Each structure stands twice: as C-alpha cells, then as structure tokens.
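**Q** heads up, no residue letters with this:
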C-alpha cells in the first residue's frame with residue numbers, strides 16, 4: 001500500500017492532488033505546528049495576468065500552535081472579499097459557474113479549525129469529479145507520535161497504516177533518506193510533478209497556482225489528466 005502524509009492546505013496547487021493520486025491513502029497532518037505565511041490558509045489565483053495571493057484569516061496566529069488549534073474566520077466580510085476577487089479574476093473563465101458553486105459550498109460551512117476547512121476544500125474537488133479518496137487525520141490516527149523526530153514519525157505512521165511504500169513531496173529529498181526508511185521497513189519515494197500547462201485567457205501561462213485556477217480553465221477529463229502528470233523517483 002502507498003501512503004502520503006501532508007499538512008492540509010486550503011485549495012492547494014495541483015501538485016498536492018498529484019500526491020493524492022499517487023497513493024492509496026492520504027494522512028492529513030493536522031497535529032503539527034502551524035506555519036505562518038505558509039500555504040495552510042492561503043494560496044494564489046490569477047489576477048490580471050499575474051499571481052495574486054488570497055488568505056483565509058485566522059485567529060491568534062502562532063507557530064507554537066498546532067494546525068488543528070488555529071481557527072479560521074469565515075465571516076461575511078471575508079466571503080464577500082474573496083468572492084469579489086474571484087469574480088474579478090475569473091468571471092469570463094469557461095468553468096466559472098461550476099467553480100463558484102464549489103467555493104460557495106466550502107465557505108458556507110462552520111469549521112472549528114483551519115485543518116477542517118482545508119480538508120473540506122480538497123474533498124470538494126473530488127466530490128466535483130465524482131470520486132472518493134481514502135483519508136484520515138494524524139491527530140486521530142497516531143497522536144502518540146507527536147514530538148518524535150520528523151522521519152521517525154512518518155515511519156511510525158506508515159507502519160500503523162500497514163504501509164509498505166511512503167511517497168513524499170519532492171521537497172523532502174533534502175530531508176529524508178531512502179536508506180533510513182528502508183532500514184525501518186518502509187520504501188521511500190518522491191513525487192516529481194511534470195509540467196502542467198493550460199490556456200489561461202490570452203495571458204502567458206502562470207504555473208502552480210491554486211487548484212481554483214486549474215478548475216476555471218479545464219473540464220473534468222483534462223483535470224484528471226493533470227492529476228496524473230507525475231512520476232515517482
């Protein structure tokens with residue numbers, strides 16, 4: 001069985017979905033430290049031909065808190081601002097109506113923490129595609145592993161899931177040793193995204209934006225093809 005473990009990001013870039021596609025189950029890493037100015041509660045959309053950062057506001061930001069301890073502020077003021085930005089950016093995009101419905105569904109709910117909102121944003125994409133994924137939160141699966149060394153914790157979670165193969169994002173190549181994982185009974189692989197390119201109005205292509213951008217310009221079949229544009233190394 002192939003496993004991935006990743007912090008939950010709000011409407012993440014397509015590489016996140018490629019990681020899900022490459023594995024049988026994803027563990028949403030919600031009981032690790034919140035990263036200020038990271039991707040947990042923000043991402044980028046296309047605005048006037050350039051990348052534009054949007055942010056879900058949160059209460060009492062601190063890197064000493066776990067992701068599941070950070071509460072999002074999804075109030076009318078935020079929703080109005082976000083939907084105004086999305087409308088300004090994408091109102092002429094071919095799949096604007098469908099994507100707005102996804103956003104309305106996600107941001108109409110109440111969330112106790114930013115992890116739940118981010119997970120909801122990811123699952124909403126699979127609902128749109130008519131697919132299901134297997135997932136679990138690390139806070140529920142393996143709370144006893146908190147405080148362990150990063151690599152050792154990933155190994156212990158993998159073992160708890162009876163996983164033989166653990167797939168990490170490509171950035172982990174500088175952090176984790178295949179030999180160390182192998183010595184502990186786990187095969188470590190890294191996912192390398194291939195170039196994903198699609199037409200964004202008449203602009204030069206701006207890569208690696210939020211999945212919101214990919215959805216705006218691609219039908220479901222093309223979306224699935226982009227999800228599969230990766231290799232394991």
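**A** Done, it's in. Because the structure is predicted, anything quoted here is derived from the model rather than measured.
**Q** What is the burial count for the nearest residue to residue 43 once chain neighbours are set aside?
**A** Among residues not flanking residue 43 along the chain, residue 210 sits closest, at 3.9 Å (CB to CB, 6 or more residues apart in numbering). C-beta here means a position set from N, CA and C on the backbone, and glycine is covered the same way. For residue 210, the neighbour count with other CB atoms under 10 Å is 26.
**Q** again, but for residue 88
**A** Burial of residue 88 is recorded as 12 neighbouring residues (other CB under 10 Å).
**Q** Settle this for me: it is touching residue 46, isn't it.
**A** No - with contact defined as CB atoms under 8 Å, residue 88 does not count as touching residue 46 (10.8 Å).
**Q** Spit out the contact partners of the residue nearest to residue 43.
**A** Applying CB atoms under 8 Å, 6 or more residues apart in numbering to residue 210 gives the contacts 11, 12, 13, 43, 44, 45, 54.
**Q** from those, which ones fall inside strands?
**A** Within the contacts of residue 210, residues falling in strands by DSSP state E are 43, 44, 45, 54.
**Q** any idea which of these is closest to residue 187?
**A** For those, the residue nearest residue 187 by CB to CB is residue 43; the value is 30.9 Å.
**Q** Buried ones among the contacts of residue 210?
**A** Buried members of those, counted by 16 or more other CB atoms under 10 Å: 11, 12, 13, 43, 44, 45, 54.
**Q** For the fifth one, give me its contacts.
**A** Under the criterion of CB under 8 Å, 6+ apart, the contact list for residue 44 reads 51, 52, 53, 54, 208, 209, 210, 213.
**Q** now the strands for this protein?
**A** Listed in chain order, the strands of the chain (DSSP E) span 2-6, 25-28, 42-47, 50-55, 134-137, 165-169, 187-193, 230-232.
**Q** Looking at the ones you listed, which is nearest to residue 202?
**A** Closest of these to residue 202 is strand 42-47, at 11.9 Å (criterion: CB to CB).
**Q** List the strands paired with the closest one, with their directions.
**A** Applying DSSP bridges, strand 42-47 is found paired with strand 50-55 (antiparallel).
**Q** Tell me how far the strand it pairs with lies from the chain's centre.
**A** Remark: strand 50-55 is offset 16 Å from the chain centroid, using CA atoms, centre = their mean, to the nearest Å.
**Q** how about that strand: buried residues?
**A** 52, 54.
**Q** before we move on, the earlier item: if we only consider the contacts of residue 210, which is nearest to residue 115?
**A** For the contacts of residue 210, the residue nearest residue 115 by CB to CB is residue 12; the value is 12.9 Å.
**Q** show me what contacts the closest one?
**A** 39, 43, 118, 121, 122, 210, 211.
**Q** Could you do residue 61 as well?
**A** Taking CB under 8 Å, 6+ apart as the definition, contacts of residue 61 comprise 34, 36, 70.
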